[in-house]
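> Any chance you could fold what I've pasted below:
(2 chains)
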Amino acid sequence: MLLLLLVFVLFILEGTLIPWLVPGAWQTRITPHLVYVVILYFSVYEHRHTGLVLGLTFGILHDIVFYGALIGTYSFAMGLSGYLLGLLSRSQRAPLPLMMIIVLLGSLLLDSILFGTYSLFELTHQPYTWALTNHIIPNVFVQFIFALAIYVPLRRQLEIITRRRSPDEAA
Amino acid sequence: MLKLFKLLGNKRLFILLMGLILFIAVMGFTLGSRTSLSWPEKFVKDTVGFVQYVFYKPASFVAGLFEDIANLRALQEENEQLKIALAHYTRDKATYNWIAQENERLYEKLQFTESQKELYNYTWKIAQVISVNDDPVNRTIVLNLGAREGVKEGMAVTSDKGLVGVISHVSNFTSTVKLVTSMDARDPNSNGIAVTAQGKENDVFGMIETFDQEQDMFLMTRIEDATPLKEEDLIVSSGIGGVFPRGMVIGKVKSIQVGEYGLTYTATVEPSASFTDWKELFIVFQPEGEEE
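Okay, here's the model as predicted:
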C-alpha cells in the first residue's frame, strides 16, 4: 500500500519536477515515463495482472489530468505493454540483465503504441522514423538509467511483498 | 473457420479484443469537441491538480534560483535593454493616451453600442502552472485557474513573450492548456488563427494552422500578397472572426516562400514563446456579451 503511494508520488513528480531537471534544449524530446518503469517491475516480480491493473489505473490518471486531444492513449498503452512484458518472463526470479532487456523492450513498445495511436487518429503525420530518433530512443536511455537506479531497493521491497503473500496462499 | 472460433474461445484473447474495442470507442468518443467534462474527470483532475500544485511550486522555485545564478552575468546587458525599452515606453505612452482618448471620442460620436466598445477590452488573468506533460505529439500543461474563476474552453493562453496555447478542458479548480505546438491543418479538431504583421495590419493577412515539428516553426499560410511582408516582422493574431482575441504575439517571420499550389505564399514563423521552463502564464478573458 505504501509502495502504491510512492508510485503516485512518482507520478506527481513526473509532471512537476522532471521537466525542471531536463536541460532546456532536450525538454521537448525527453519525456521519461518513470511510473511505467516501476509498473514493469510490478509486472515482472509480482504478477502480470498487477502490471495490467496498475498500467490501466495510472494511464487513465495521466489521460485525465493531461487531457489534450483524447482520453485513453496512455491507459491503453501502459496496460497492454505492462501485461505483455509480464508475459515475457514467467518466473518471478528474473535476473538483472533480463529485467533490463524487459525495460528496454517495454520503453520501445510503450512509445511505439502511443505513436501508433496518435497516427491512427491523425493527430500526427510524422513518419515513425522521426518519432524514433526524436523522442523514443532518448526516452529509452533515460528510462534504462532510472531502471538501473531503482533495481535494488524496489526488487527487495517487491520480494518482501510476494513472500508475505505466498504463505497465505499456501495456507 | 472452426480454428478461428477456437482461437476466440481463448479467454485471454477474447478479453484483449474486447479491451481493444472498448479503448478505441473511448478514444473516438473523447476525440471530438466536448462541451464539458463529466464529474469523475473533474474530481480526479482537481484532486491531482491540488497535489501537483504543492509539488510544482517549490520545484520551480529551486530551479529558478539556479537559473538566476546562471543568468547573473547577462543581467547588465538585460538592464541596458530594459532601459531602452522604458524610454520607448514613456515616449509611446504619451502618443497612446492621445490616440486612446481620440478613439473614445469617435466611438461616442459614431454611437457605438456598449458591446462594440468593450469588444477589445481583454482582461489578462495570471495563472500558475501546476504540471507539465511533454508528450511530443500531445503536449499539455495544467494551470491553477478553473471554471470557478470563469475560465472557458477555447480561451487563449499566453506567456510574457508570446502565445502558448488554448484552453482545452476545464474542471472546477484547474484547466488544461493544449499547446500551439500541436496545431495541424490536417487535424479537423484544430482551429487555425488569423494573423497579421504588427504595423502592417491592413496589408498582411494570413493563417497560422500548422506547427512544423521538424523545424520547430509555425507555418503561416494563405498569404495572398507577400510584398509588404518582410523577414523579422512580428506576427500577431488579427482577431478576424471574433473567436480568437486579437493582438496575441506569435512570432517572427524567418522566411517566405511560394505556397503549396503556387497561388499563395507561405511564411515560416519562429515562435516567441520558448515552450520550456513554465512558471506563470496569462489567460486572456474576452468580455462577456460578445458571445451569444
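> Check which element follows the longest helix along chain B along the chain.
The single longest helix within chain B, with elements called by DSSP state H, is helix B:75-109. Of the helices and strands lying after helix B:75-109 in sequence (DSSP states H and E), the nearest is helix B:114-117.
> Secondary structure of residue B:235: a strand, I assume?
Yes. Assignment of residue B:235 by DSSP: H, G, I helix; E, B strand; the rest coil places it within a strand.
> Tell me the pLDDT of it.
Residue B:235 carries a pLDDT value of 92.
> show me the contacts for it.
B:195-198, B:206, B:208, B:218, B:220, B:249-253, B:267, B:269 (CB atoms under 8 Å, 6 or more residues apart in numbering or on different chains). C-betas here are computed from N, CA, C, even on glycine.
> That one pairs with what?
residue B:197, residue B:251 (DSSP bridges).
> and it, how far is that from residue B:161?
13 Å (CB to CB, to the nearest Å).
> Next: residue B:281.
11 Å.
> Comparing these two, which shows the higher neighbour count?
The residue with more neighbours, out of residue B:281 and residue B:161, is residue B:281; 22 against 12, by other CB atoms under 10 Å in any protein chain shown.
> State whether the more buried one is indeed within a strand.
Yes. When three-state DSSP is applied, residue B:281 is found to be in a strand.
> Could you look up the SS state of the residue nearest to the spatial centre of chain A?
By CA atoms, centre = their mean, the mean C-alpha position of chain A lies nearest to residue A:36, the distance being 1.4 Å. Here residue A:36 is helix, with the state taken from three-state DSSP.
> That one: what's it in contact with?
Per CB under 8 Å, 6+ apart, neighbours of residue A:36: A:55, A:58, A:78, A:81, A:82, A:106, A:107, A:110, A:143.
> Look up how far residue B:100 lies from it.
Per CB to CB, residue A:36 is found 54 Å from residue B:100.
> Residue A:41 now?
63 Å.
> domain parsing for chain B?
Domain assignment for chain B by automatic domain parsing gives B:75-182+B:276-285, B:193-271.
> Could you pull out the helices in the chain for me?
Reading this off chain A. In chain A, the helices defined using DSSP H lie at A:2-16, A:18-21, A:34-45, A:48-65, A:73-88, A:96-120, A:128-131, A:137-170.
> wait, chain B
B:2-9, B:11-31, B:39-70, B:75-109, B:114-117.
> Mean neighbour count, the ones you listed: which tops it?
helix B:39-70 (a mean of 16; mean count of other CB atoms under 10 Å in any protein chain shown).
> That one vs chain A: in contact?
Yes. Counting by CB under 8 Å from any CB of the partner chain, contacts between helix B:39-70 and chain A involve B:41, B:44-45, B:48-49, B:51-52, B:55-56, B:59-60, B:62-63.
> Give me the below-cutoff pLDDT ranges for chain A.
Applying pLDDT under 70 to chain A flags the ranges A:167-171.
> In CSV, list the domains of chain B along with distance to residue A:158.
Formatted as CSV, those follow (distance: least, CB to CB, whole Å):
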stretch, distance to residue A:158
domain B:75-182+B:276-285, 28
domain B:193-271, 39
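> between these, which one is nearest to residue A:127?
Set against residue A:127 and scored by CB to CB, these come closest in domain B:193-271, at 10.3 Å.
> Please state the offset of the closest one from the chain centre?
15 Å (CA atoms, centre = their mean, to the nearest Å).
> From start to finish, how long is it in a straight line?
14 Å (CA to CA, to the nearest Å).
> now stretch B:105-113
First-to-last residue span, stretch B:105-113, CA to CA: 13 Å.
> Look up the residues forming beta bridges with the spatially most central residue of chain B.
The centroid of chain B falls nearest to residue B:165 when counting by CA atoms, centre = their mean (1.6 Å). Residue B:165 has the following beta-bridge partners by DSSP bridges: residue B:157, residue B:179.
> is it true that it touches residue B:176?
No. Shown here, residue B:165 and residue B:176 do not form a contact pair, counting by CB atoms under 8 Å, at 9.3 Å.
> Need the overlap of contacts for the two.
Common neighbours of residue B:165 and residue B:176 (CB under 8 Å, 6+ apart) are residue B:141.
> Can you show me the CA trace of stretch A:111-128 as CSV?
C-alpha atoms of stretch A:111-128 as CSV (Å, rounded to 0.1, in the frame of the first residue of the first chain):
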residue,chain,number,x,y,z
ASP,A,111,6.2,4.9,-27.1
SER,A,112,5.5,2.9,-30.2
ILE,A,113,2.0,2.2,-29.2
LEU,A,114,1.5,5.8,-28.2
PHE,A,115,2.8,7.0,-31.5
GLY,A,116,0.7,4.4,-33.3
THR,A,117,-2.5,5.6,-31.6
TYR,A,118,-1.8,9.2,-32.4
SER,A,119,-1.1,8.3,-36.0
LEU,A,120,-4.3,6.3,-36.1
PHE,A,121,-6.4,9.3,-35.0
GLU,A,122,-4.4,11.5,-37.3
LEU,A,123,-3.0,13.7,-34.6
THR,A,124,0.4,13.4,-36.1
HIS,A,125,1.6,13.0,-39.6
GLN,A,126,5.2,12.5,-39.0
PRO,A,127,6.8,9.2,-40.1
TYR,A,128,7.7,6.6,-37.4
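> who in the stretch 51-200 of chain B is up against chain A?
So the stretch 51-200 of chain B meets chain A at B:51-52, B:55-56, B:59-60, B:62-63, B:130-140, B:142, B:168-169, B:176, B:178, B:181-182, B:184, B:186-187, B:189 (CB under 8 Å from any CB).
> From these, list the buried ones, please.
B:51-52, B:55-56, B:59-60, B:63, B:130-140, B:142, B:168-169, B:176, B:178, B:181-182, B:184, B:187 (16 or more other CB atoms under 10 Å in any protein chain shown).
> residues contacting the closest residue to residue B:198 other than its chain neighbours?
Nearest non-adjacent residue to residue B:198, counting by CB to CB, 6 or more residues apart in numbering or on different chains: residue B:234, 4.2 Å away. Residues in contact with residue B:234 (CB under 8 Å, 6+ apart) are B:197, B:198, B:199, B:249, B:251, B:252.
> quick one: pLDDT of the fourth one?
In this case it means residue B:249. pLDDT, residue B:249: 91.
> mind checking how far the residue nearest to residue B:198 is from residue B:282?
18 Å.
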